[in-house]
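1. Provided below for reference: sequence and predicted model.
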Amino acid sequence: MFKVKQNHTFQNPMRQQIDQTTQGKQSDYAHAVGGVNQILDRHDIGISSRSQASVIDNVKKVETGERSEVNAHQREALNFGRDAFESAKKGNYKQAGVEAFGSTVNGLASLFKSIYTETPSEKQGIPPH
């Protein structure tokens, strides 16, 4: 989908690990993660270890077909929502705002993907009944 800057040097090691996981992946999900991850690193926005692990797991499983992009976005909506709540409790409102926004965007992406992604039958030319 997009890379903001091809030669970006990651400042946050956790975001660099996410970037390394997206390298060479073909899914729309991995491409979106790669671009958003770079934007967030450029603006010094952190990520919790739980969400980092979840994003990496999602990228890998979406790529192999083990998880749908819809489900990956649903998982991220939940994880980023949890992170927003935890950050707000600690008084880190900037981080909480970014995480809440990420939760919302992933929820919307899940909805969009569920509406516009063909089912396996549709991909074979079999229309829905």
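-> Sure thing, it's come through.

2. For the longest helix anywhere in the chain, give me every contacting residue.
-> Looking across the chain with DSSP state H, the single longest helix is helix 93-116. Residues outside helix 93-116 that contact it (Cβ atoms under 8 Å, 6 or more residues apart in numbering) are 32, 40, 45-46, 68-71, 73-74, 76-81, 83-85, 87-88. All C-beta spots, glycine's among them, are computed from the backbone N, C-alpha and C.

3. same thing but 6 Å
-> 45, 69-70, 73-74, 76-77, 80-81, 83-84, 87-88 (Cβ atoms under 6 Å, 6 or more residues apart in numbering).

4. In CSV, list those along with neighbour count and distance to Ile56.
-> Shown next, in CSV, are those (neighbours: other Cβ atoms under 10 Å; distance: Cβ to Cβ, whole Å):
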residue, neighbour count, distance to Ile56
Ile45, 18, 17
Glu69, 20, 15
Val70, 18, 18
His73, 24, 15
Gln74, 20, 17
Glu76, 23, 11
Ala77, 20, 17
Phe80, 25, 15
Gly81, 17, 19
Asp83, 23, 15
Ala84, 22, 20
Ser87, 20, 20
Ala88, 15, 25
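
5. returning to what we had before: can I get the longest helix of the chain as PDB, trimmed to CA atoms?
-> Output of helix 93-116 as PDB, limited to C-alpha atoms (Å, rounded to 0.1, in the frame of the first residue of the first chain):
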ATOM      1  CA  TYR A  93      -3.200  11.600  27.200                       C
ATOM      2  CA  LYS A  94      -1.300  12.100  23.900                       C
ATOM      3  CA  GLN A  95      -0.500   8.400  23.700                       C
ATOM      4  CA  ALA A  96      -4.100   7.500  24.800                       C
ATOM      5  CA  GLY A  97      -5.400   9.700  22.000                       C
ATOM      6  CA  VAL A  98      -3.300   8.100  19.400                       C
ATOM      7  CA  GLU A  99      -4.200   4.600  20.600                       C
ATOM      8  CA  ALA A 100      -7.900   5.500  20.700                       C
ATOM      9  CA  PHE A 101      -7.700   6.800  17.100                       C
ATOM     10  CA  GLY A 102      -5.900   3.600  16.100                       C
ATOM     11  CA  SER A 103      -8.600   1.600  17.700                       C
ATOM     12  CA  THR A 104     -11.300   3.500  15.800                       C
ATOM     13  CA  VAL A 105      -9.400   3.300  12.500                       C
ATOM     14  CA  ASN A 106      -8.900  -0.500  12.900                       C
ATOM     15  CA  GLY A 107     -12.600  -0.900  13.700                       C
ATOM     16  CA  LEU A 108     -13.600   1.000  10.600                       C
ATOM     17  CA  ALA A 109     -11.000  -1.000   8.500                       C
ATOM     18  CA  SER A 110     -12.500  -4.200   9.800                       C
ATOM     19  CA  LEU A 111     -16.000  -3.000   8.800                       C
ATOM     20  CA  PHE A 112     -14.800  -1.900   5.300                       C
ATOM     21  CA  LYS A 113     -12.900  -5.100   4.700                       C
ATOM     22  CA  SER A 114     -15.900  -7.300   5.800                       C
ATOM     23  CA  ILE A 115     -18.100  -5.500   3.300                       C
ATOM     24  CA  TYR A 116     -15.700  -5.300   0.300                       C
END
